[in-house]
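In: Next comes the sequence, and after it the predicted model I'd like to discuss.
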Amino acid sequence: MTITDDSTPTPEVASPDLTIEGISLLVIQRYFETMNAGEYTATAELFAQTGAMQPPFEQPIVGSEAITTFLEAEAKEMQLYPRQGVTENLDDGNLQVQVSGKVQTPLFGVNVAWHFLLNAEEEILYTRIKLLASPQELLKLRR
């Protein structure tokens, strides 16, 4: 967050390079930018100290070191194409962000939803990545 001249906190706003309809939070933009650039340590640094990432079909991965290790092993050559999203202020002061889009790998593309929970400092507390595909489509993706 930044503080304006009148001491009112305002969310960091994303740059125009990556546009996600309905989303202007810098941390969300940086998540997608760093993932697409293969800068997995930078991606993991967007998470709170005990932040967690839950990829499809996996248990949550907790902590930036574990997230970096996972991404280096599993996310190479993935490109994320976020399209649109919505933000909701929660009663506890946290922010819930949902983004839909597509992930492209060298072998396939699949529609995806990212569910983020941000704290007041705009650190990622939790993100869950959900594949938006039918069971038949998922079976085709098996290795």
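Out: Perfect, thanks for sending it.

In: rest of the way, CA atoms for contacts and neighbours
Out: Will do.

In: need the strands for this protein, in chain order.
Out: Taking DSSP state E, the strands of the chain run over residues 2-3, 9-10, 47-54, 61-62, 79-89, 95-104, 109-118, 124-131.

In: Mean pLDDT, mean neighbour count and distance to L25 for these - can I get that in TSV?
Out: Shown next, in TSV, are those (pLDDT from 0 to 100; neighbours: other CA atoms under 10 Å; distance: least, CA to CA, whole Å):
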stretch	mean pLDDT	mean neighbour count	distance to L25
strand 2-3	34	11	12
strand 9-10	36	10	10
strand 47-54	97	20	14
strand 61-62	98	20	23
strand 79-89	96	16	9
strand 95-104	96	18	9
strand 109-118	96	19	10
strand 124-131	96	20	12
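
In: okay if I get those strands as a markdown table plus distance to Q29?
Out: Listed next are the strands of the chain as a markdown table, based on distance: least, CA to CA, whole Å:
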| stretch | distance to Q29 |
| --- | --- |
| strand 2-3 | 16 |
| strand 9-10 | 16 |
| strand 47-54 | 13 |
| strand 61-62 | 21 |
| strand 79-89 | 9 |
| strand 95-104 | 11 |
| strand 109-118 | 12 |
| strand 124-131 | 12 |
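
In: ok, now how distant is the spatially most central residue of the chain from Y40?
Out: Centroid-nearest residue in the chain, with CA atoms, centre = their mean: Y31, separated by 5.2 Å. Distance of Y31 to Y40, given as CA to CA, to the nearest Å: 9 Å.
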